[in-house]
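1. Below: sequence and its predicted model.
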Amino acid sequence: MNTPVSSLKGIGKESAKDLERLGIFFISDLLAHLPYRYENKEAQPVEQLVHDENVTVEGVVIGEARVSFYGRKKNRLNFKMNSGGHVLNVVAFNRAFLKSKLQNEVAITVSGKWNRHRAQITAQSIEVGQVEEKRPYAPIYALSGRLTTRQLTQWTEDALAMTEAFPPERLPEALLERYKLPAIVDTIQQLHRPTDKESLKHARRRYIYEEFLLFQLRMQAYKRSVRQNEQATPLQEDVVKVKAFMETLPFALTQAQKRSLDEIVHDLHQPYRMNRLLQGDVGSGKTVVAAIAMYAVITAGKTTALMVPTEILAEQHYESLQELFRDCDVSIRLLTGSTRKSERKQTIEALEAGQVNVLIGTHALIQPDVPIPNLGLVVTDEQHRFGVNQRRALKEKGSPDVLFMTATPIPRTLAITAFGDMDVSRIDEQPVGRKPVETYWAKHDMFERVITFIEKEIRAGRQAYVICPLIEESEQLDVQNAIDLYEQLQQILPSVSVGLVHGRLSNDEKNGTMERFFSNHVQLLVSTTVVEVGVNVPNATCMLIYDADRFGLAQLHQLRGRVGRGDAQSYCILLSDPTSETGKERMKIMTETTDGFVLAEEDLKLRGPGDLLGKKQSGMPHFRLADPVHDYRALETARQDAQTLIQSDAFWTDAEYEALRNYLSDTGALSGEKLD
Ligand SMILES: Nc1ncnc2c1ncn2[C@@H]1O[C@H](COP(=O)(O)OP(=O)(O)OP(=O)(O)O)[C@@H](O)[C@H]1O
């Protein structure tokens, strides 16, 4: 299995280097380097040919081929052929040398691009004689350096003859039977050298299922081992107090909020650490649920922490939690980068004395220099899933329960892939009485009308946001844009109090403006995308997004979620003159739906998963063939199968699962090592 590729005939130093760049070191790697597509050399009947696609047809030459020369060394070969009674034109460039072979009635196979209107194939290959019947699909491999498809085809051919280079059969007989999956040896054979469409399909099916199953087994085994190793003391909240607190809320929880809360509370009672994702569309009321959970933990005698990405949010949560816990005798402290030294010292002392119930702050909270004795629950956002170091820091703080909140409406398929190691609660319902935000798409030449409209809302006592476009190449330009717009709006609306926030302001400046916006002293807030997450000003009913086509759907949705948070009708105006079709499409979808999940699915189609979750933090594993979006059914099946396996006793003892167990221990999943 660990025989280096260089032992194969024809692989010299240079080629070995090129192969290394493809991650191919051993012969077994060569077999794992699957074709990314196949050239279909299976001849098709003329009736089935698709215009503008690559096709292959068989037939016989009619008459004689003609060659015309042009340019200095160029020539064009032209002839007619009969394929199943249809007369087709064939054109090929610089193949004059074939002319002598192309005699009347000679059998040929032609592959190339089909033009239906001219009944013509522009040929890439013309083979005299019929296609070798057994292998209609030619594998096309990813290449690097000077490698050619022909070489890779040859080397994989040699590797396919070496049974010891094949991966082991990991799937137990029962699963192969249940899904009618081919054995691994046949699968690898077919994937490299398909014999026919049907067998290739089954081979792909098996490979994809196995990739998902192994992935899910790893995730779930990891989860299980964390459960076993990171025991936590079960918490018991004071049920009466928590109920009383919930009654002080100015609204009743939605069913979805209640369900999520139950799931969280259930976790708190367990003797293992909670690792839960609370997923809910913008404005669905995640923070409230988290606050109740925190209160429950406080009544169980523990300290809680809330970590947020920015200081603005920390301030805002500090205020809203103070308001929420007004009658509850809960002590809340704020700790951020701009907290004064003396205050920081006081807070740390209070923490050590066990006098703090809720600690709010940015990331620095879980650093070792902030001792949080008796920490029971950390609430944070999904952007900050913990890496190894943070997990260690959390462990040192007594392995508290962790609740991640996310407003990214991650489609289900992605959620179970990217967050497979977490339990997921979903708030899939908006509070009653919420009016969907009315969204309009306006061209730039309607700017004045839009401004008049916003002015009217402000006169009625409402507030508004104006979001400036983001020019990713240059933060400098972003800021300049924001400043220009701010000045322009001040001039157009002299009686309106306009505020400005952008990334280059100091924290004090930013916080000051935000504070004035929260208290309605600023009526119109000009901002770059810093307001994207979490800002909650229910009195703001209007949002104008400049050059909206520059944003992705998920981001537009997050932005729009800043309005429509109260009872009043809210509006979002997308100002843009998109030039691309995708841009126009995005604007249209935004005006048609306010459902974050629908938008997320659309975004996925338009941009792909990397963008939705942010490339680096996406946590999306790399699959060779499987695609969590396209193959979501297989993913779901594999997830359930993995769950059943992990929970069964037989999986941990029986011989037929040994290969899977070995796989798990090789990848470290059994010792609680997180996958990357
Ligand atoms: N069940 C409910 N009924 C009415 N209003 C609610 C309900 N739950 C929450 N709210 C209110 O809705 C607003 C949004 O709630 P919250 O900030 O908790 O949402 P969120 O999901 O955290 O939002 P986002 O992700 O957009 O920041 C708040 O003003 C909150 O008081």
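-> Okay, I see it. Numbers count the residues shown, from 1 in each chain.
2. Only C-alpha atoms from now on, for both contacts and neighbour counts.
-> Fine.
3. tell me the contacts of the closest residue to the ligand within the stretch 1-150 of the chain?
-> Sorted by distance to the ligand under Cα to the nearest ligand atom, the residues of the stretch 1-150 of the chain start with Tyr36, at 39.2 Å. Residues counted as contacts of Tyr36 (Cα atoms under 8 Å, 6 or more residues apart in numbering) are 139-142.
4. What of Leu152?
-> By Cα under 8 Å, 6+ apart, the contact set of Leu152 is Tyr141.
5. Quick one: classify it as helix, strand or coil.
-> Here Leu152 is recorded as helix under DSSP: H, G, I helix; E, B strand; the rest coil.
6. swap in Lys435?
-> Of the three states, Lys435 takes coil according to three-state DSSP.
7. Count the neighbours of the residue lying closest to it once chain neighbours are set aside for me.
-> The spatially closest residue to Lys435, leaving aside those adjacent along the chain, is Gln569, at 5.9 Å (Cα to Cα, 6 or more residues apart in numbering). By the measure other Cα atoms under 10 Å, the count of residues near Gln569 is 15.
8. quick one: Gln569 from Arg434, how far?
-> Here the distance between Gln569 and Arg434 works out to 8 Å (Cα to Cα, to the nearest Å).
9. From the contacts of Tyr36, list just the buried residues.
-> For the contacts of Tyr36, a neighbour count by 16 or more other Cα atoms under 10 Å gives the buried set as 139-141.
10. Can you list the residue ranges for strands in the stretch 401-550 of the chain?
-> Under the criterion DSSP state E, counting those that start in this stretch, the stretch 401-550 of the chain carries strands at the ranges 401-406, 423-427, 438-442, 463-467, 498-501, 524-527, 540-546.
11. For the stretch 201-350 of the chain, which segments count as helices?
-> Counting by DSSP state H, counting those that start in this stretch, the stretch 201-350 of the chain has these helices, from start to end: 239-247, 255-269, 286-299, 311-324, 341-352.
12. deepest of the ones you listed, which one?
-> Of those, the one with the most neighbours on average (mean count of other Cα atoms under 10 Å) is helix 286-299, at a mean of 22.
13. what about that one and the ligand, touching?
-> Yes. Using Cα under 6 Å from any ligand atom, helix 286-299 comes into contact with the ligand via 286-288.
14. Between those residues, which sits nearest Val379?
-> Using Cα to Cα, the shortest approach to Val379 within those belongs to Thr287, at 9.5 Å.
15. next structured bit after the least confident helix or strand in the chain by mean pLDDT?
-> For the chain, the helix or strand with the lowest mean confidence is helix 609-613, at a mean of 50 (criterion: mean pLDDT, DSSP states H and E). Once helix 609-613 ends, the next helix or strand along the chain (criterion: DSSP states H and E) is helix 632-647.
16. Okay, buried residues for the helix or strand that comes right after that next one please.
-> Elements were assigned by DSSP H and E; along the chain past helix 632-647, the next helix or strand is helix 649-653. For helix 649-653, burial by neighbour count (16+ other Cα under 10 Å) applies to Phe651.
17. what does helix 649-653 contact?
-> Contact with helix 649-653 is made by 645-646, 657, 661, as judged by Cα under 8 Å, 6+ apart.
18. Kindly recompute the last result at 10 Å.
-> Taking contacts as Cα atoms under 10 Å, 6 or more residues apart in numbering, the residues outside helix 649-653 that touch it are 644-646, 656-658, 660-661.
19. now it: how far from the chain's centre is it?
-> Averaging C-alpha positions (Cα atoms, centre = their mean, to the nearest Å) puts helix 649-653 33 Å from its chain's average.
20. For that helix, C-alpha coordinates in PDB please.
-> Extracted as PDB, the C-alpha positions of helix 649-653 are listed here (Å, rounded to 0.1, in the frame of the first residue of the first chain):
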ATOM      1  CA  ASP A 649     -23.000  -2.400  20.800                       C
ATOM      2  CA  ALA A 650     -22.200  -4.600  17.900                       C
ATOM      3  CA  PHE A 651     -20.400  -1.800  16.200                       C
ATOM      4  CA  TRP A 652     -17.800  -1.700  19.000                       C
ATOM      5  CA  THR A 653     -17.300  -5.400  19.100                       C
END
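21. quick one: average confidence on it?
-> The average of the pLDDT scores along helix 649-653 is 93.
22. got it, and stretch 127-147?
-> This predicted structure assigns stretch 127-147 an average pLDDT of 76.
23. residues contacting Gly280?
-> Listed by Cα under 10 Å, 6+ apart, the contact partners of Gly280 are 256-257, 286, 405-410, 425-430, 596-597.
24. Go ahead and build a ChimeraX selection from the buried members of these.
-> Of those, the buried ones can be selected in ChimeraX as follows, counting by 16+ other Cα under 10 Å:
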select :256,257,286,405,406,407,408,409,410,425,426,427,428,430,596,597
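25. which phi and psi does the closest residue to Glu173 other than its chain neighbours have?
-> Distance criterion Cα to Cα, 6+ apart; nearest residue to Glu173, sequence neighbours excluded, is Glu656 at 7.7 Å. Here is the backbone geometry of Glu656 (degrees, to the nearest 10): phi -70, psi -20.
26. burial of Glu656, as a residue count?
-> 15.
27. surely it meets Asn662?
-> No. If you go by Cα atoms under 10 Å, Glu656 and Asn662 don't touch, sitting 11.4 Å apart.
28. in which helix or strand would I find Glu39?
-> Assignment of secondary structure by DSSP H and E places Glu39 within strand 37-40.
29. Keeping just the C-alphas, turn stretch 157-171 into PDB.
-> Included here for stretch 157-171 are C-alpha records, laid out as PDB according to Å, rounded to 0.1, in the frame of the first residue of the first chain:
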ATOM      1  CA  GLU A 157      -3.900   1.400 -15.400                       C
ATOM      2  CA  ASP A 158      -0.800  -0.100 -13.900                       C
ATOM      3  CA  ALA A 159      -2.000   0.700 -10.400                       C
ATOM      4  CA  LEU A 160      -5.300  -0.900 -11.000                       C
ATOM      5  CA  ALA A 161      -3.500  -4.200 -11.700                       C
ATOM      6  CA  MET A 162      -2.100  -4.100  -8.100                       C
ATOM      7  CA  THR A 163      -4.700  -5.300  -5.700                       C
ATOM      8  CA  GLU A 164      -2.600  -4.400  -2.700                       C
ATOM      9  CA  ALA A 165      -2.900  -0.700  -3.600                       C
ATOM     10  CA  PHE A 166      -6.700  -0.700  -3.300                       C
ATOM     11  CA  PRO A 167      -8.300   0.700  -0.200                       C
ATOM     12  CA  PRO A 168      -9.700  -2.000   2.200                       C
ATOM     13  CA  GLU A 169     -13.400  -2.900   2.100                       C
ATOM     14  CA  ARG A 170     -14.700  -0.900   5.000                       C
ATOM     15  CA  LEU A 171     -18.400  -1.300   4.500                       C
END
